[in-house]
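S.K.: The sequence and its predicted three-dimensional model are supplied below.
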Amino acid sequence: MMMVCVALCTTGCGSDSDEDGTTDGTHEDMALENLNGHELKFYYEYEGKLYRAMALYVDKQGTPNVLSYSAVQMIGVTKYAYVKTSQSKATVSMTVMYYQASPDPEGWSDPWHQYDMELNFVSGNQGYAKVTTQYKTLVNGLLTTVKKDDLWYFKIDSDELPDKTLIDICIGNSEGNDDGDGEGNSENVVTSKALKTKVNFVQDGERPCIAVGLTKNSTTGLPDKTGFCIGTSPKPTIENAIIKLNENDECLNGFSRIIGNSGTTLKRGTTYYIRPYHKTGNKIIYYEETSVETPGKNYILTITPTLTKYYNLDYNLKKEGTYTLGITCKVKTANGDKYYREELKTVGKGSGSMSWDSSKSGYDLEDIYYIEFNARDKATGILYISDMASGRAGAKAQLKTKN
């Protein structure tokens with residue numbers, strides 16, 4: 001942990017209209033006039049839980065100190081500034097000096113870290129901050145400027161955690177009002193970050209399909225069922241979605257739903273935006289969308305049978321990333337059908353070819369229904385799957401069906 005020096009400036013989230021001021025004495029002036037004599041504790045979110053990121057304490061004379069929960073040692077504070085910009089907003093700019101003693105030259109980074117924060121008060125003692133951090137570091141021997149954006153939650157003068165559910169609703173409402181598509185202006189439409197679409201896999205074929213589930217960012221205030229809006233532009237709604245899945249409880253209970261079958265058709269090599277929704281009374285709640293591209297353009301995987309036990313595998317992955325290539329087979333056994341899975345190798349962006357020996361599965365080719373070639377994106381977890389190739393058991397089953 002480390003105490004640090006800071007240079008501070010502020011702007012925030014909330015209404016900037018003069019009409020919601022204190023002229024009638026009914027609107028609470030949430031943003032602090034200054035931070036003197038106050039402590040702000042910042043938290044970051046990981047898998048739906050809040051963890052400490054930084055604490056900022058300003059004494060009554062206006063001198064700041066920062067406790068960073070990831071730093072090693074404090075050097076000192078050089079600047080400090082706080083500016084209230086509206087009844088619910090402020091901006092913070094901090095320059096923090098970190099001490100680093102690494103014997104590895106590649107471990108060097110600039111001790112000065114610049115933090116620019118937008119404070120958004122959702123009540124008198126809590127809210128969220130949009131944080132931009134900049135610093136310099138060595139990457140492969142080159143001096144590189146690193147810039148990253150984060151969203152932190154904060155609580156003032158309290159050891160209690162911020163009310164994440166309340167703040168997430170306010171974040172969603174704020175984003176909805178900034179969309180410019182009229183969605184946030186409807187009193188019957190609410191946006192929330194309590195849920196987010198999770199794409200489990202995308203499969204190629206004449207009729208590509210996408211398997212989706214849900215990631216829960218909150219443990220409270222969740223609906224009992226959800227549907228999905230699917231479009232080729234961001235933030236599809238139930239009015240303009242090209243595909244709409246009606247609400248049920250499957251994904252909330254950990255199951256997946258398939259988009260691309262039951263009469264719906266997806267196109268190959270197309271990016272789709274998938275957004276959960278829930279109707280409650282006369283309101284519609286939209287949750288966080290996820291986009292995914294179907295195979296055929298930037299993700300190309302093919303598997304071709306030969307006259308022997310070998311299958312030819314070809315891949316062309318055109319987007320930067322790290323991918324784990326693998327095989328999945330459905331096989332027939334005396335105890336019922338089973339699945340065999342095998343990881344082949346890890347690759348980056350690029351193309352290549354290889355062959356796979358079906359006997360490595362431990363099953364006879366006569367007992368294999370089908371085989372799929374796949375690539376899992378390590379960054380997103382999405383599994384991209386080729387169109388399936390039949391094994392001999394599958395070919396026999398198809399022949400019986402035709403006869």
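M.R.: Happy to help now that I have it.

S.K.: residue contacts, the nearest residue to Thr280 once chain neighbours are set aside?
M.R.: Spatial nearest neighbour of Thr280, chain neighbours left out: Pro223 (7.0 Å); criterion: C-beta to C-beta, 6 or more residues apart in numbering. Glycine gets a C-beta too; all of them are placed from N, C-alpha and C. Pro223 is in contact with Leu195, Leu252, His278, Thr280, Ile285, counting by C-beta atoms under 8 Å, 6 or more residues apart in numbering.

S.K.: How many residues are close by Gly260?
M.R.: Neighbourhood size, Gly260 [other C-beta atoms under 10 Å]: 21.

S.K.: scratch that, Thr270
M.R.: By the measure other C-beta under 10 Å, the count of residues near Thr270 is 13.

S.K.: Over to the one 5 residues further on?
M.R.: The local packing of Arg275 (other C-beta under 10 Å) involves 24 other residues.

S.K.: gap between it and Glu289?
M.R.: Separation of Arg275 from Glu289 (C-beta to C-beta, to the nearest Å): 4 Å.

S.K.: which neighbours do these two share?
M.R.: Overlap of the contact sets of Arg275 and Glu289 (by C-beta under 8 Å, 6+ apart) consists of Thr197, Lys235, Pro236.

S.K.: Reformat these as a markdown table; add distance to Gly348 and pLDDT.
M.R.: Output for these, formatted as a markdown table (distance: C-beta to C-beta, whole Å; pLDDT from 0 to 100):
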| residue | distance to Gly348 | pLDDT |
| --- | --- | --- |
| Thr197 | 26 | 95 |
| Lys235 | 32 | 93 |
| Pro236 | 32 | 94 |
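
S.K.: any chance of those residues in JSON lines, plus secondary structure, distance to Asn125 and neighbour count?
M.R.: Converted to JSON lines, the shared contacts of Arg275 and Glu289 look like this (DSSP: H, G, I helix; E, B strand; the rest coil; distance: C-beta to C-beta, whole Å; neighbours: other C-beta atoms under 10 Å):
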{"residue": "Thr197", "secondary structure": "strand", "distance to Asn125": "33", "neighbour count": "24"}
{"residue": "Lys235", "secondary structure": "coil", "distance to Asn125": "32", "neighbour count": "18"}
{"residue": "Pro236", "secondary structure": "coil", "distance to Asn125": "37", "neighbour count": "23"}
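
S.K.: Just the closest of these to Tyr340, please.
M.R.: Closest to Tyr340 out of these is Thr197 (29.5 Å), distances taken as C-beta to C-beta.
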